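Participant: One predicted model, sequence on top.
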Amino acid sequence: MKWQFSNDAPIYSQLIEQIKVGIVSGAFPPGERLPSVRDLAVEAGVNPNTMQRALTELERDGLVYSQRTAGRFVTEDRGMIETAKQSLAEYQIQNFLTAMVRLGYEKEEIMTLVRQGNAGEELRNGDSGM
Amino acid sequence: MAILECNELVKTYGHAPALDHLNLSIEPGHILGLLGPNGSGKTTLIKLANGLLTPTSGQVLVNGAVPGKDTHAIVSYLPERTCIPLWMSTRKLLDFYQDFYADFRRDRAEEMLQHLSIRMDQTIRQMSKGTREKVQLIMVMSRAAKLYLLDEPIGGVDPATRDYILNTIINNYDPEAAVIISTHLIADVEQVLDEVIFINQGQVILQSSVDQIREEKGMSVDALFREVFKC
């Protein structure tokens, strides 16, 4: 998994985001055991306390769960993963729309551009936030 | 109890104050960045905590004690300049650390050296600057210390070596200990830190968590540093 961090948001919230993407995309499949906090921290190159905090929050949301001795696992509840996927998609669309509006596009124009599939060129110059 | 505590700590070189009534308290369980521009007092503070300098006035306490024989046993120090004897072989260096420090985990050091394909009969003199830095860091992080004082551990090394050094620090992180990294290369270490201290002209001007800064100011610690210390 590739980890990337921007400068304008807390690192723990970016970790939550990226682990969610990992779960949704299947890099961390349902029911699978997650690497230890230390291994994940080393892989992402982040502070272990920050990684711990991100995992604790994911646990509170229910996307991962702990088993006292065996470690942390990805939820097997596919409905929950689907919900997470939708909320990530909404977030991406929101970022996209914000960037397009900043470029001066109206909603109808944006829809037309997307449908035409020309949006790629416009996007490359815009700031999609990701 | 704080692992490192400074109360009204003053150190002057001649008439020039390096530390000017500095106060701070650091708890175990953190990787903390000691950040400040050149000449702000970072190295002086670390040397005082190591007992290499004595305070002009005020107090520095390591685990509640004045730096001395007892604190040396629980503090693992990486000086700014590589200081391991050039004539020593890797094996001799391991012997040396084992003799001096009861908390030295030789097996861990050997494992890390092997991972880098460093031979036991190779002398420090035969190693490149980057390799020397890595070897010294391996020695320092292989101790099961309570306080790690790393003075500019990533200064003057290439980006790949920098990643190796930071990974080694994360990999050996012990929640019972504190790691203090002094540096001005903030962007490179920011993700590894959970707390930062800004020091300037011998005083602490900010102590905060990295994510708190990012949350409250909407900018990275690096960006905040550039703003605070704008020339």
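Facilitator: Structure's in. What do you need?
Participant: ok, which stretches of chain A are strands?
Facilitator: A:64-67, A:71-74 (DSSP state E).
Participant: Can you give me the domain boundaries for chain A?
Facilitator: Split into domains by automatic domain parsing, chain A comes to A:11-76, A:79-125.
Participant: Check whether the shortest one comes near chain B.
Facilitator: No. Contact of domain A:79-125 with chain B (C-beta under 8 Å from any C-beta of the partner chain) is absent, the minimum separation being 15.7 Å. Placement of C-beta: from N, CA and C, glycine included.
Participant: sec struct for the residue nearest to the spatial centre of chain B, please.
Facilitator: Centroid-nearest residue in chain B, with C-alpha atoms, centre = their mean: B:Leu150, separated by 1.5 Å. Judged by DSSP: H, G, I helix; E, B strand; the rest coil, the three-state class of B:Leu150 is strand.
Participant: Quick check: phi and psi at B:Ala18.
Facilitator: Per-residue torsions, B:Ala18: phi -100, psi -40 (degrees, to the nearest 10).
Participant: that older thread, which stretch among the domains of chain A comes nearest B:Ala178?
Facilitator: With C-beta to C-beta as the measure, domain A:11-76 is the member of those nearest B:Ala178 (11.6 Å).
Participant: hmm, that closest one touching chain B?
Facilitator: Yes. Shown here: domain A:11-76 in contact with chain B (C-beta under 8 Å from any C-beta) through A:11-13, A:38, A:41-42, A:44-50.
Participant: where does B:Ala16 land on pLDDT?
Facilitator: B:Ala16 is assigned a pLDDT of 89 by the prediction.
Participant: show me what contacts B:Glu176?
Facilitator: Contact analysis of B:Glu176 by C-beta atoms under 8 Å, 6 or more residues apart in numbering or on different chains lists B:28-29, B:146.
Participant: centroid residue for chain A?
Facilitator: A:Glu17 (3.3 Å).
Participant: tell me which element B:Leu61 falls in.
Facilitator: Using DSSP states H and E, B:Leu61 sits within strand B:57-62.
Participant: Let me know the average pLDDT across the helix or strand that that strand is followed by.
Facilitator: Next in sequence after strand B:57-62, counting helices and strands by DSSP H and E, comes helix B:69-72. For helix B:69-72, mean pLDDT rounds to 94.
Participant: tell me what the helix or strand following helix B:69-72 is packed against?
Facilitator: Where DSSP H and E defines the elements, the next helix or strand beyond helix B:69-72 is strand B:75-78. Helices and strands touching strand B:75-78, by 3 or more C-beta pairs under 8 Å, 6 or more residues apart in numbering or on different chains; DSSP states H and E, are helix B:129-141, strand B:147-151.
Participant: quick one: pLDDT of residue 103?
Facilitator: You didn't say which chain, so I picked chain A. 95.
Participant: look at chain B instead
Facilitator: The model reports B:Asp103 with a pLDDT of 96.
Participant: circling back to that earlier point, check the strands of chain A for me and report the most buried one.
Facilitator: Each of those was scored by mean neighbour count; the highest is strand A:71-74, a mean of 17, by mean count of other C-beta atoms under 10 Å in any protein chain shown.
Participant: And for it, what's in contact with it?
Facilitator: A:23, A:28-34, A:36, A:55, A:59, A:63-67.
Participant: quick one: the helices in the chain?
Facilitator: Here I'm looking at chain A. A:11-25, A:37-44, A:48-61, A:78-102, A:107-116, A:119-125 (DSSP state H).
Participant: nope, chain B please
Facilitator: B:42-49, B:69-72, B:90-100, B:106-115, B:129-141, B:159-171, B:186-189, B:210-217, B:221-228.
Participant: Single out the most deeply packed of those helices.
Facilitator: helix B:42-49 (a mean of 24).
Participant: Of the domains of chain A, which is nearest B:Val135?
Facilitator: The nearest among those, by C-beta to C-beta, is domain A:11-76 at 19.9 Å.
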